[in-house]
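Asks: Dropping the sequence and predicted coords here.
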Amino acid sequence: MSRRLLLFVTIAVLGAIFSVCVWASPTGKTLYEDWTVYQRVKQGTIGSEDTTTAAATIGFYLAYIIGTADGLLAAGKTDFALPKDADPEQLGFVVGKYLENHPAEWGDHSALLIWRALRLAFPATR
């Protein structure tokens, strides 16, 4: 993970402590919008005045994906298998690409879309 992204994520975690209620029940559209912020930061095309907001957005985006994946696995959803070396960045990318390719599903709850993306990218072997 690059130092710049690590800085953004660190700031985001601090921002998340104060802003959890704002992002309580996101739709796929909300998640997609956060994905676009993530991409802009990775590409270096976000203005310096937006870095704090972007850091919080990225923190929410990655933490929500990781938390949803953990919750699905804890609930017994075994139709996907995360690689042991999967990191937040990889999971964020997988979900973001799924959202790009399935805009008709943006009205669905984001947790459902995360599950679909992980199931497609990391199918369980039986």
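Replies: That came in fine, so what should we check first? Numbers count the residues shown, from 1 in each chain.

Asks: dump the residue contacts of residue 69.
Replies: Shown in contact with residue 69 (C-beta atoms under 8 Å, 6 or more residues apart in numbering): 82, 91, 114, 118. To be clear about C-beta, it is placed using only N, CA and C from the backbone, and glycine gets the same treatment.

Asks: The second one - how many residues pack around it?
Replies: What that stands for is residue 91. Close neighbours of residue 91, defined as other C-beta atoms under 10 Å, add up to 22.

Asks: for the third one, same thing?
Replies: The burial count assigned to residue 114 is 25, neighbours taken as other C-beta under 10 Å.

Asks: so which strand or helix has it?
Replies: Element membership of residue 114, judged by DSSP states H and E, is helix 110-121.

Asks: ditto for the second one
Replies: Under DSSP H and E, the secondary-structure element containing residue 91 is helix 88-101.

Asks: So what touches that helix?
Replies: 1, 5, 9, 28, 31-32, 35, 38-39, 61-62, 65-66, 69, 82, 105-106, 113-114, 116-118, 120-122.

Asks: Filter these down to the buried ones, PyMOL style.
Replies: The following PyMOL command selects only the buried members of the contacts of helix 88-101, with burial defined by 16 or more other C-beta atoms under 10 Å:
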select buried, resi 5+9+28+31+32+35+38+61+62+65+66+69+82+105+106+113+114+116+117+118+121+122
